[in-house]
Each structure stands twice: as C-alpha cells, then as structure tokens.
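Visitor: Build me a model from this:
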Amino acid sequence: MMTKMLQAEMSEVKFRLLTIVPIVILLISCSAETKVHSDEKEVSKEIVPALSYKVESDIYAQNNINITYPKLVDLPNDTKEEVINALIQAEAISILEYYSVGLDSQNSLELDYQITYKSDKFLSIQYIGSAFNKGGAYPLNVFYTTNIDMDKEIKVKLTDFLEIDEAFVQELKNGIYKSYDDNLNLREEGVMRDFWSGTKDQDLLNDLKYADEADGANNSGIFSYLTQDSLGISLSIPHALGDHLEMEIGYEKLGGNIKENRLWDSIRG
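Guide: Modelled structure (predicted):
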C-alpha cells in the first residue's frame, strides 16, 4: 500500500514539474526579451534625435519654371514656422535673378531639392537641376544651397562657419570629390588635377569670402552646405566639365578654421 501511495505522490510531483518548469522558462525568456527591447529603445533615442518639425514639398511654378523647395510643418512656434518658410521660399526663387531666367515663356528652369542636414538648430538645403535661356546653345546645370540658423531664423553663409585662409584652400583642393551625375566623374576622366592646377589659390581665397551670396558679388558661384560629417563646397566650372563641382571636407580636417560658436556646437554635438 505504501509503495503505491509513494508512486502516486511521485507521479503528481513529476506532473507539477512538467507543468511549472515551462512556465518559468517562458517568464524568464519574456523578461530577457523585454530588457533587450528596452536597451534597443534607449540606444535609438541617442542615435535618432527627435525633431520638432516635419518637412513637406512645395513648388513655385510659372510658365516653364518649376522650383520644388521644402516647407516646414508642425513647428511648435507658428510664427517661427512662418518666418522660416518665407525665408526658404525667397532663397529658393532668388536663383531667377542669379541666372537671369525671368518669366519669358521661352526660358525654362527645373529644380528639385535635397536636405543634407536637418536638426532643431540647423537646416542645410541643396537645389539641383537645369536652366535654359532663350538664345542659349545648351541648358546649364544649376546648383545652389541655403543654410538656415533655426534659432535666429536667418540664412548663414560660409564665412559664418569658418575663417577662410590658405590652409582652408588646400583642404578644399584635397577634399572628396562628389559627382552629381553617375555619368560624370572628373577624377576618373583625369581633368580634376588640370582644373585645380589652373586655379590660383589667391583667386579662390578671395572668391570663397563671397560664398553663398545670391548677387553679383558671388561671381564664381560658390555655395556651401553641411552633412552629418562634412562641409560641402560647390564651385562654378566650365560647362564642358559639368557647370559645377562639389567637394566635401570632413569636419575633423577643418581644425583651427572653425569659428567656435553655438551653431558648430550643435552640428558637431
């Protein structure tokens, strides 16, 4: 009798273990999974900063002129949103004067944009496309930029970021070439060295001081933009070479040229 009772108790204990152990393992597994997901969430907050606005597209269209430009939405401050969007629009269409496209129906301009840097403190916009003037032999490849200080609600220029000197000119010449067209590579075609050797350092130094101006002072058509890790410079070049040339310089190579201010702190931080 005792043996049968003992066997019955052992069977019951075994049944309970078979029931309880999987539940315990499942709970431990769920806890570990929750911890992993929690860690991933914390890392994501550090890598992807939350922005206080979104970007939509707007367009200026008149005859054969079409300029697509960004429009900020959902900024916490409606007045700031209105001011910055008015600034973006004005900068986007200012190219009409620069290229003397005007509103003649026989002229055309097609431009789109790309945002290369976006934060709550700073916005960097590229515009790229083509323009054709009545009587011209060929369309021109167009490139220009707008950099905006979000706090001050103003456009900023290259000289607001950097001290322009001979050291910067050399870093620019040694920068990373960025082709805007898969079918165009000045470095592979062997003309990059010839272009730079024919460019006088002093002339380039003088021209860089007028970068990002939208008037006749910027007669070399130099514009700047920022990315997550580099400063980009665009220069006008002969049409046979593509009309414009973009070079990028890593922030770590700018050294003493960087003007220490809160704008750079936000970009590099």
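Visitor: now the strands for the stretch 101-250 of the chain?
Guide: Secondary structure of the stretch 101-250 of the chain (DSSP state E, counting those that start in this stretch): strands located at 108-118, 122-132, 140-149, 154-155, 176-178, 223-226, 230-236, 244-250.
Visitor: Could you give me the buried positions within the first one?
Guide: When you say that, I think you mean strand 108-118. Neighbour counts over strand 108-118 (16 or more other CB atoms under 10 Å) mark 108-111, 113, 116-118 as buried. From N, CA and C alone the C-beta is placed, and that goes for glycine too.
Visitor: Then the last one?
Guide: Under the neighbour-count criterion of 16+ other CB under 10 Å, strand 244-250 has 244-249 buried.
Visitor: Give the other helices and strands that that strand contacts.
Guide: Packing contacts for strand 244-250, counted by 3 or more CB pairs under 8 Å, 6 or more residues apart in numbering; DSSP states H and E, involve strand 140-149, helix 166-173, strand 176-178, strand 230-236.
Visitor: Kindly reformat those as a markdown table containing distance to Leu184 and mean neighbour count.
Guide: Formatted as a markdown table, the helices and strands packed on strand 244-250 follow (distance: least, CB to CB, whole Å; neighbours: other CB atoms under 10 Å):
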| stretch | distance to Leu184 | mean neighbour count |
| --- | --- | --- |
| strand 140-149 | 9 | 22 |
| helix 166-173 | 19 | 16 |
| strand 176-178 | 11 | 13 |
| strand 230-236 | 14 | 22 |
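Visitor: CSV please, covering these and showing distance to Gly129 and mean pLDDT.
Guide: Below are those laid out as CSV (distance: least, CB to CB, whole Å; pLDDT from 0 to 100):
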stretch, distance to Gly129, mean pLDDT
strand 140-149, 5, 93
helix 166-173, 24, 93
strand 176-178, 17, 87
strand 230-236, 13, 93
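Visitor: Tell me the one of the buried residues of strand 108-118 nearest Gly232?
Guide: Each of the buried residues of strand 108-118 was checked against Gly232 using CB to CB; the closest is Thr116, at 7.1 Å.
Visitor: Distance to Lys209 added to the helices and strands packed on strand 244-250, as JSON lines?
Guide: Shown next, in JSON lines, are the helices and strands packed on strand 244-250 (distance: least, CB to CB, whole Å):
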{"stretch": "strand 140-149", "distance to Lys209": "16"}
{"stretch": "helix 166-173", "distance to Lys209": "11"}
{"stretch": "strand 176-178", "distance to Lys209": "23"}
{"stretch": "strand 230-236", "distance to Lys209": "13"}
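Visitor: Excluding chain neighbours, give the residue nearest to Pro76 in space.
Guide: Ser52 (5.5 Å; CB to CB, 6 or more residues apart in numbering).
Visitor: swap in Leu204?
Guide: In space, Leu204 is closest to Val169, 5.5 Å off (CB to CB, 6+ apart).
Visitor: so when I look at Asn66, I'm seeing a strand, right?
Guide: Yes: Asn66 forms part of a strand when assessed by DSSP: H, G, I helix; E, B strand; the rest coil.
Visitor: How many residues are close by it?
Guide: Neighbour count of Asn66, defined by other CB atoms under 10 Å: 15.
Visitor: what bridges to it?
Guide: Ala61, Glu110 (DSSP bridges).
Visitor: How much space separates it from Pro139?
Guide: 14 Å (CB to CB, to the nearest Å).
Visitor: do the same with Leu184
Guide: Where Pro139 is concerned, Leu184 sits at a distance of 15 Å (CB to CB).
Visitor: Out of the two, name the residue with the larger neighbour count.
Guide: Pro139 (16 against 13).
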